[in-house]
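Enquirer: One predicted model, sequence on top.
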Amino acid sequence: MTPALSRIGKRRAAQATLAVCAGLALLAWWLLPLRDTPAARGTVSFSTGVPTGVYWRYGDLLKERLADDLPEVDVRLETSEGSVQNLQRLVSGQANFTIATADAVAAYREANPRGARQLRACARLYDDYLQLVVPEDSEVTRAADLKGKRVAIGQPGSGVSLITHRLLRAAGLDPEEDITAVRVGIDRMPEMLREGRIDAFFWSGGLPTGAVADLAGEEPVRLVQLGDLLGELHRQGPDMWQYRAALVPADAYPEVRRGRAVKTVAVANLLVTTVGTDPGLTEGITRTVIDNRDRIGQEVHAAQLVDLRTAIFTDPLDLHRGAKRYYRSVKS
């Protein structure tokens, strides 16, 4: 073989080898799972609520699930007073994700329109139910009967405080003048009622709320209906349409004496982040929320109501683009 032919043969062999390698690389790429974005990683701050409340428990269980689904993400849970403080933390950059009620979001938008433009939703989660708890022998049968009473209304940065003020006004009461307002959270309310330091407390939470269920198992208490206030609530302004009529079913708190369903008011909870949050991270967290509804719901029963069909209805917030990408990926 001439030197020229030898060089041609070697060149063809090299080309063939490159072609095989390229084919194998293409095959390997084809077999790998598709990824639109790099795997989410880093530290995420999640602002929740008081330690005995549903927000905290939900966040704790979600963190466990995210440890499996997004192992490169370190989730840090932070306690808070509730929805109002949670939204403030998001906008200030102190938190990356949180849970907040839709009415608190609407109120924040009204008071802080510039900051609220940063807010985006990942999912509608479950509804909070307004609960007015009194001793069984209390004379209080409606919210208007609270006049002159010592009433726990939630911490200043909580969604409970926000809606309690609105409910009291709907009942014809001035929250600053007609009651003795005690500004504590659900972590202290049951003990204070049990010890006689308050006459009643308001709570807004998923059903059942553990602290209320525990109290009902120890003390004779009952829930006071709030359903008659809905019409007056709606007349307070356009944002009040976040509230809807609801029932606390009799089996929500089996230990509560009289064991009957109670009319009340409910409002949706939203999983919230900011517009600048990484889309891949938001998509992954949204996926975990929906995929683990039943697992989380075994311990936080309200989470069983998280539903793919309703999760996209996050009024008054738009969906984050990462959340949109998730919902499009599972759209049938």
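Expert: In hand now; what should we look at?
Enquirer: Just the element for R287, please.
Expert: R287 is part of helix 279-291 when elements are defined by DSSP states H and E.
Enquirer: Now do that helix: distance to the chain's middle.
Expert: 14 Å (Cα atoms, centre = their mean, to the nearest Å).
Enquirer: residues making contact with that helix?
Expert: By Cβ atoms under 8 Å, 6 or more residues apart in numbering, the list of residues contacting helix 279-291 from outside reads 36-40, 42, 44, 62, 65-66, 69-70, 73, 97, 122-123, 125, 271, 273, 306, 308, 311, 320-323, 325-327, 330. Glycine gets a C-beta too; all of them are placed from N, C-alpha and C.
Enquirer: Restricted to strands, list these.
Expert: Counting by DSSP state E, the part of those found in strands is G42, V44, V73, F97, C122, A123, L125, L271, T273.
Enquirer: Tell me where the model's unsure across the stretch 1-150 of the chain.
Expert: Counting by pLDDT under 70, the stretch 1-150 of the chain contains low-confidence ranges at 1-39.
Enquirer: what about the helices in it?
Expert: 3-31, 54-69, 83-92, 102-111, 113-116 (DSSP state H, counting those that start in this stretch).
Enquirer: Quick check: the residue sitting nearest the centre point of the chain vs G231, distance?
Expert: With distances taken as Cα atoms, centre = their mean, I99 lies nearest the centre of the chain, 3.3 Å away. Distance from I99 to G231, counting by Cβ to Cβ, to the nearest Å: 28 Å.
Enquirer: hang on, isn't M240 packed against L230?
Expert: No. M240 is beyond contact range of L230, at 9.0 Å (criterion: Cβ atoms under 8 Å).
Enquirer: who's T43 bridged to?
Expert: Taking DSSP bridges as the rule, T43 bridges to D74.
Enquirer: Could you number the chain from 37 rather than 1 from now on?
Expert: Yep, numbering from 37; the last one is T79 now.
Enquirer: got a list of what it touches?
Expert: So T79 contacts V109, D110, R112 (Cβ under 8 Å, 6+ apart).
Enquirer: now S119
Expert: Taking Cβ under 8 Å, 6+ apart, we find S119 in contact with I135, A136, T137, A140, V141, S194, G195, L198.
Enquirer: just the residues you listed now: which is nearest V218?
Expert: Nearest to V218 among the contacts of S119 is S194, at 12.9 Å by Cβ to Cβ.
Enquirer: State the number of residues packed around that closest one.
Expert: 30 (other Cβ atoms under 10 Å).
Enquirer: again with P192
Expert: Neighbours of P192 (other Cβ under 10 Å): 12.
Enquirer: Then L259?
Expert: Residues near L259, counting by other Cβ under 10 Å, number 24.
Enquirer: same thing with G95?
Expert: Neighbours of G95 (other Cβ under 10 Å): 22.
Enquirer: In this structure it contacts F82, no?
Expert: Yes. Using Cβ under 8 Å, G95 is in contact with F82, at 5.3 Å.
Enquirer: and for the two, which residues touch both?
Expert: Common contact partners of G95 and F82 (Cβ under 8 Å, 6+ apart): L113.
Enquirer: one step back: spit out the contact partners of the residue nearest to the centre of the chain.
Expert: Residues near I135 by Cβ under 8 Å, 6+ apart: T84, G85, Y91, Y94, G95, S119, N122, L161, N305, L306, L307, V308.
Enquirer: how about 7 Å then?
Expert: T84, Y91, Y94, N122, L161, N305, L307 (Cβ atoms under 7 Å, 6 or more residues apart in numbering).
Enquirer: Could you list the residues in contact with stretch 274-282?
Expert: For stretch 274-282, contacts defined as Cβ under 7 Å, 6+ apart pick out 138-139, 142-143, 146, 163, 165, 263, 266, 269-270, 300-303.
Enquirer: can you check stretch 289-305 too?
Expert: Contact with stretch 289-305 is made by 135, 137-139, 160-167, 172, 199, 244, 248-249, 252-253, 256-259, 261-263, 265-266, 269, 278-286, as judged by Cβ under 7 Å, 6+ apart.
Enquirer: Stretch 357-366 too?
Expert: Contacts for stretch 357-366 (Cβ under 7 Å, 6+ apart): C158, A159, P315, G316, L317, T318, E319, T322, R323, L344, I348.
Enquirer: Show me which of the residues you listed are buried.
Expert: Buried members of these, counted by 16 or more other Cβ atoms under 10 Å: C158, A159, P315, G316, L317, T318, E319, T322, R323, I348.
Enquirer: still on that earlier bit, among the contacts of stretch 274-282, which ones are buried?
Expert: Among those, the ones that count as buried (16+ other Cβ under 10 Å) are 138-139, 142-143, 163, 165, 263, 266, 269-270, 300-303.
Enquirer: Highest neighbour count among the contacts of T79?
Expert: In terms of neighbour count, V109 stands highest of the contacts of T79 at 19 neighbours, by other Cβ under 10 Å.
Enquirer: where does the stretch 237-368 of the chain dip in pLDDT?
Expert: Scanning the stretch 237-368 of the chain for pLDDT under 70 picks out the ranges 293-294, 368.
Enquirer: what's stretch 209-225 in contact with?
Expert: Counting by Cβ under 7 Å, 6+ apart, 86-89, 117, 180, 182-183, 185-192, 194, 201, 204, 228, 234, 237, 239, 245, 247 sit against stretch 209-225.
Enquirer: Alright, that wraps it up for me.
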